[in-house]
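Visitor: quick check, what structure comes out for this input:
(one chain, ligands or ions: 1)
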Amino acid sequence: MSVVIDFKHVSKQFNKRKVLIDVNFQVKTGEIIGLLGPNGAGKSTLIKIMTGLLNPDGGQIMIFGKQLNKNKQKIRKYLSIAPQSLAVYPQLSVKQNLKIFGEINGLSKKEIKEKYSTVIQTFGLQAIANQKANNLSGGQKRRLHSAIALMSPAKIIFLDEPTVGADVDSRDSIIRAVKNLAKQGLTIIYTTHYLQEMEDLDARIIFLNNGVIQTSGSVKNIIDKYAHPFLKLYFKEKIPEDIPGWQSEDGYLKSTNLGSSDSNAKLVQTVLNKPELKEKTLTDIEIGKADLETAYRTLLRRNI
Ligand SMILES: Nc1ncnc2c1ncn2[C@@H]1O[C@H](COP(=O)(O)OP(=O)(O)OP(=O)(O)O)[C@@H](O)[C@H]1O
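Guide: Below you'll find the model as predicted:
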């Protein structure tokens, strides 16, 4: 797989505030990159720089092996962005919207025809092809919005929170579509605050925080590294400190020795039956699963 995006020491500041600091990463053909990070981390700024909408203050960006700042016009043809705000022609039908964006993006009649039939299927829009965009539901509009990004010669697609406001079905078809597109060799840069989507996409995560890439890797890699599953039992009264297998903290007992949900239930039962806990009042149970959300919280706490 060849490198399609190469960021070298990229930095950006607004009003003397550093928003991106020495950012380095590479993306290969057909990858799905999950750009994660809290509000204000610098994700949109990174995407704007990657798509040539914003110039960095320092560093170099290579797209398809060519310097972005020297070949903007040529390169931008192959980048397509579906931003957070919806941009569709409300009075036109789904079909008309897709076709008109194909024309705007410089596709030939033949290309429009071919792309249209793939895109409409990929995003499950066949049944509503003749409906006016204005009359679509929020989730249907979201699907159309993402589909429009594909009515172009683009080889790298940027999807900025494409499932906001989408119901479960629309969300699932967007996820399925994104996976299909990657299989076809398109490179996808995807942002979302719904961590489950990153797991469903099996994306390669780039975790940005305070303008720095704090970590990157496959979902599994990030979970293994940062999600340490735990179980906490909170009690109303003071709790003893010497219960084997459990750490006693201020107001709760914590176990990190977890297994299946059955064995965890047994673990809880066993500890609650201990004579020193029998008279105590259990007020809450907290479970930190081995998932991306737990890993994300660990990363946020580290906040380097
Ligand atoms: N044009 C601008 N002028 C001044 N400050 C800006 C500008 N654009 C972004 N910023 C600031 O840069 C920081 C990073 O913003 P950015 O939009 O890249 O974050 P984000 O990770 O995309 O956040 P969110 O998840 O909320 O969309 C923020 O503090 C933001 O206020």
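
Visitor: buried residues, the host helix or strand of Lys179. List them.
Guide: In the assignment (DSSP states H and E), Lys179 maps to helix 168-183. Going by neighbour count (16 or more other Cβ atoms under 10 Å), the buried part of helix 168-183 is 170-171, 173-175, 177-179, 181-182. From N, CA and C alone the C-beta is placed, and that goes for glycine too.

Visitor: do a quick rundown of the helices in the chain.
Guide: Listed in chain order, the helices found in the chain under DSSP state H are 43-50, 72-76, 94-104, 109-122, 138-148, 168-183, 195-201, 219-226, 261-272, 275-278, 292-302.

Visitor: export the ones you listed to CSV and tack on mean pLDDT and distance to Asp250?
Guide: Putting the helices of the chain into CSV (pLDDT from 0 to 100; distance: least, Cβ to Cβ, whole Å) gives the following:
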stretch, mean pLDDT, distance to Asp250
helix 43-50, 92, 36
helix 72-76, 90, 55
helix 94-104, 94, 57
helix 109-122, 91, 52
helix 138-148, 86, 44
helix 168-183, 88, 39
helix 195-201, 94, 29
helix 219-226, 93, 24
helix 261-272, 84, 18
helix 275-278, 87, 16
helix 292-302, 88, 17
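
Visitor: quick check: which of those is nearest to Gly34?
Guide: Across these, the minimum distance to Gly34, taken as Cβ to Cβ, is reached by helix 195-201, at 4.2 Å.

Visitor: does that closest one come close to the ligand?
Guide: No. Looking at helix 195-201 against the ligand by Cβ under 6 Å from any ligand atom, there are no contacts, and the closest approach is 13.3 Å.

Visitor: now swap in stretch 76-90 and tell me
Guide: No. With Cβ under 6 Å from any ligand atom as the threshold, stretch 76-90 lies outside contact range of the ligand, at a closest distance of 7.3 Å.

Visitor: now what about that stretch, what contacts it?
Guide: Contacts with stretch 76-90, where a contact means Cβ atoms under 8 Å, 6 or more residues apart in numbering, come from 47, 50-52, 63-64, 96-97, 100, 105-106, 132-134, 141-142, 144-146, 148-150, 152-162, 164.

Visitor: start to end distance for it?
Guide: By Cα to Cα, to the nearest Å, the extent of stretch 76-90 from end to end equals 26 Å.

Visitor: the stretch 101-250 of the chain against the ligand: which residues are in contact?
Guide: For the stretch 101-250 of the chain, no residue is in contact with the ligand (Cβ under 6 Å from any ligand atom).

Visitor: run a quick neighbour tally on the residue of the stretch 201-304 of the chain found nearest the ligand.
Guide: Going by Cβ to the nearest ligand atom, the ligand is nearest to Leu208 of the stretch 201-304 of the chain, at 6.6 Å. A total of 24 residues lie near Leu208 under the criterion other Cβ atoms under 10 Å.

Visitor: circling back: please pick the buried ones from the contacts of stretch 76-90.
Guide: By neighbour count, with 16+ other Cβ under 10 Å, these hold 47, 50-52, 63-64, 97, 100, 105, 133, 141-142, 144-146, 148-150, 152, 154-162 as buried.

Visitor: what residues are up against the nearest residue to Asn71 once chain neighbours are set aside?
Guide: The spatially closest residue to Asn71, leaving aside those adjacent along the chain, is Ile63, at 7.9 Å (Cβ to Cβ, 6 or more residues apart in numbering). Ile63 makes contacts with 4-6, 50, 71, 75, 78-79, 156, as judged by Cβ under 8 Å, 6+ apart.

Visitor: what are the bridge partners for Ile63, then?
Guide: In this structure, Ile63 bridges to Ile5, Lys66 when assessed by DSSP bridges.
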